[in-house]
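1. no sequence for this one, just the structure:
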């Protein structure tokens, strides 16, 4: 089992920045990829970014490229999502997920999820 705990959400004005953190515990050796997804009210959960746990390959949704950056700090079992130039359409609950397989864009691939952290961007 892997446990994930997100933090760092909040209220920010459009154009501002936030950094989300996701701390993994438990059987972290089984993790192949870590990802961030988000779910706005009334919408389906959508892929935001992912990073290969053992290496440094990163993947992004087109809507966040050049604004968001995903990174990892293995010594702390932590993945970060730096969000810059935030827009009102970025408002959502952000979830951290851990997958033992590939297929990083599909939420069904992920075996473990955190509880989510709310990000609200005011215009």
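-> Cool, the structure landed. Nothing here was measured: the structure is a model prediction, and the numbers come from that model.
2. Show me where this protein has its strands.
-> Counting by DSSP state E, the chain has strands at residues 2-7, 10-13, 18-26, 33-39, 46-52, 58-60, 68-73, 78-83, 92-99, 112-113, 117-122.
3. Can you tell me which of the ones you listed is nearest to residue 106?
-> Shortest distance between residue 106 and the strands of the chain, using Cβ to Cβ, is found for strand 46-52: 7.6 Å. Backbone N, C-alpha and C define where each C-beta goes, glycine included.
4. So what are the sheet partners of that closest one and their directions?
-> The strands beside strand 46-52 in its sheet (DSSP bridges) come out as strand 33-39 (antiparallel), strand 58-60 (antiparallel).
5. Dump those strands into TSV; add mean neighbour count and distance to residue 98 as well.
-> As requested, those are arranged in TSV below (neighbours: other Cβ atoms under 10 Å; distance: least, Cβ to Cβ, whole Å):
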stretch	mean neighbour count	distance to residue 98
strand 33-39	24	6
strand 58-60	16	15
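6. Select, out of those strands, the one closest to residue 109.
-> Comparison of the strands paired with strand 46-52 against residue 109 by Cβ to Cβ identifies strand 33-39 as nearest, at 8.0 Å.
7. ok, and what's touching that closest one?
-> Residues lying outside strand 33-39 but in contact with it, judged by Cβ atoms under 8 Å, 6 or more residues apart in numbering, are 20, 22, 24, 45-53, 70, 72, 79, 81, 90, 92-99, 101-102, 104, 107, 110, 116, 119.
8. before we move on, back to that, I'd like the strands paired with strand 46-52 laid out as CSV, including mean pLDDT and distance to residue 8.
-> Written out in CSV, the entries for those read as follows (pLDDT from 0 to 100; distance: least, Cβ to Cβ, whole Å):
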stretch, mean pLDDT, distance to residue 8
strand 33-39, 97, 11
strand 58-60, 97, 18
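9. Dump these to CSV, plus distance to residue 3.
-> Compiled in CSV, the strands paired with strand 46-52 are given as follows (distance: least, Cβ to Cβ, whole Å):
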stretch, distance to residue 3
strand 33-39, 13
strand 58-60, 23
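10. No further questions, thank you.
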